[in-house]
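Trainee: Using only what follows, build the 3D model:
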Amino acid sequence: MNKSGLIISLDLEMRWGILESYTEFDSYKANILGVEDAVVEILNLFDKYRIHATWATVGALLCDCLEEFQQYSPKKKPNFNNDKFSSYAYHDEIKYEEEQFFNYKIINNILDANNQEFASHSFSHLFVQEGGVSKEDFDSDLKSFARVYSDKYDSKVNSFVFPRNQVNYLDILKKNSYKVFRGNKREWFYHTNTKLSELARFYNLHFGSVELGTTNAFYDEGIVNIPGTIFLRPYDNKIMSFIRVRRIKKVLKYANNNNKLVHLWWHPHNFGINIERNINMLAKVLDYANKIGIESFNMREMGQALKR
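Mentor: Numbering: from 1, shown residues only. From the prediction side, this is the model:
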């Protein structure tokens, strides 16, 4: 099915998503502690423009503290070839910086908002393409997410976003009753992590063809795949932000005229500092989407539309 629309998904991780990237906890603390305020502002903007979005959330965020996180964690932990990728290797950091790891207020704000889908980003921000992570590890992680979400909110989720976009083990995802996931575009630079691919992604984000910013939803091993097409980088300066917004507008117009989807995604912690400037940047995108009349879907809704 080819249908035009704007999909927005957000990877809600707080500190879980960058444990191995920022070993000095103070170096990114302002971004993390700004997430709660950023989410409130994003939700207000979504409400203003009637945006349907998916919030793919690390299940550990639903826990109250380290002790509860340990209670919900799988009994058998993944045996990573490199422990730096394991969320279970940071016991002391979590213990002394719990405010960067647990915040149920954010979850409640999302669940109370209109047209927002709560989805999974795994329980422990599990990297399923890293060495040592098995299908059984992924299955156990998904079950931990399901257990904590069911216990806290008596509900189930429908959609999944792979941490670090490391798509793998779709049969396990299907086994655990997921219907939709965010995949990657087919271009080579979305499937490698080198300096060259990083440069290619940067160029494409700012100056790439409008067609490369679009996609269609399709079935992939029995699950609906909605590839992410544009990462909304946070505000850095007026010139670069202007260039990014200008390209996104062009992509939205192309998609609306050609029965294509634009799948915009980012992390709330990207907006954790410079919140006002980031919200103003996002508002320009959503205002334009509203003006051209492109329809807004969350991932669950697009998956359901594909079935019809």
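
Trainee: which other helices and strands contact the lowest-mean-pLDDT helix or strand in the chain?
Mentor: Sorting the helices and strands of the chain by mean pLDDT, DSSP states H and E puts helix 195-207 at the bottom, at a mean of 80. Here helix 195-207 touches strand 230-231, helix 238-257, going by 3 or more C-beta pairs under 8 Å, 6 or more residues apart in numbering; DSSP states H and E. Any C-beta I mention is one placed from the backbone N, CA and C, and that applies to glycine too.

Trainee: Would you mark the buried spots in it?
Mentor: Of the residues in helix 195-207, Ala200, Arg201, Asn204, Leu205 count as buried by neighbour count, 16 or more other C-beta atoms under 10 Å.

Trainee: now swap in stretch 281-295 and tell me
Mentor: Buried residues in stretch 281-295, counted by 16+ other C-beta under 10 Å: Met281, Leu282, Val285, Leu286, Tyr288, Ala289, Ile294, Glu295.

Trainee: Output these in a markdown table; the columns should cover distance to Ile248 and secondary structure.
Mentor: A markdown table is the format used below for these (distance: C-beta to C-beta, whole Å; DSSP: H, G, I helix; E, B strand; the rest coil):
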| residue | distance to Ile248 | secondary structure |
| --- | --- | --- |
| Met281 | 10 | helix |
| Leu282 | 10 | helix |
| Val285 | 5 | helix |
| Leu286 | 10 | helix |
| Tyr288 | 8 | helix |
| Ala289 | 9 | helix |
| Ile294 | 12 | coil |
| Glu295 | 16 | coil |
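
Trainee: so where is the stretch 151-300 of the chain shaky, pLDDT-wise?
Mentor: 188-189 (pLDDT under 70).

Trainee: Now with 50, please.
Mentor: Residue ranges of the stretch 151-300 of the chain with pLDDT under 50: none are present.

Trainee: hmm, back to that, tell me what the helix or strand following the least confident helix or strand of the chain is packed against?
Mentor: Once helix 195-207 ends, the next helix or strand along the chain (criterion: DSSP states H and E) is strand 218-220. On a contact count with 3+ C-beta pairs under 8 Å, 6+ apart, strand 218-220 meets strand 223-225.

Trainee: what lines up beside the strand it packs on in the sheet?
Mentor: With DSSP bridges as the test, strand 223-225 is paired with strand 180-182 (parallel), strand 218-220 (antiparallel).

Trainee: I would like the residues contacting the last one, please.
Mentor: By C-beta atoms under 8 Å, 6 or more residues apart in numbering, the list of residues contacting strand 218-220 from outside reads Leu170, Phe181, Gly183, Val224, Asn225, Leu306.

Trainee: what's the answer for the first one, then?
Mentor: Contacts of strand 180-182 from elsewhere in the structure, counted by C-beta under 8 Å, 6+ apart, are 9, 56, 158-162, 165, 167, 170, 173, 220, 223-228, 263, 265, 299-300, 302-303.

Trainee: will you turn the buried residues of helix 195-207 into JSON lines that also has distance to Asn274?
Mentor: Shown next, in JSON lines, are the buried residues of helix 195-207 (distance: C-beta to C-beta, whole Å):
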{"residue": "Ala200", "distance to Asn274": "26"}
{"residue": "Arg201", "distance to Asn274": "22"}
{"residue": "Asn204", "distance to Asn274": "24"}
{"residue": "Leu205", "distance to Asn274": "18"}
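
Trainee: closest to Asn258 among these?
Mentor: Nearest to Asn258 among these is Asn204, at 18.3 Å by C-beta to C-beta.

Trainee: if I look at the closest one, how far off is Glu187?
Mentor: Noted for Asn204: a distance of 8 Å to Glu187, by C-beta to C-beta, to the nearest Å.

Trainee: Give me the common contacts of these two.
Mentor: Leu212.

Trainee: returning to what we had before: next step: the contacts of strand 180-182 restricted to strands.
Mentor: Mapping the contacts of strand 180-182 onto strands (DSSP state E) picks out Ser9, Ala56, Ser159, Phe160, Val161, Asp220, Ile223, Val224, Asn225, His263, Trp265.

Trainee: Surely the fourth one and Leu173 touch.
Mentor: Yes - in this structure, Phe160 is within contact of Leu173 by C-beta atoms under 8 Å, at 5.8 Å.

Trainee: ok, Ser177 to Tyr235 distance?
Mentor: Counting by C-beta to C-beta - Ser177 and Tyr235 are separated by 38 Å.

Trainee: These two - which one has more neighbours?
Mentor: Tyr235 (20 against 11; other C-beta atoms under 10 Å).

Trainee: For the more buried one, grab phi and psi.
Mentor: phi -60, psi 130 (degrees, to the nearest 10).

Trainee: count of neighbours near Tyr49?
Mentor: Around Tyr49 there are 15 residues (other C-beta under 10 Å).
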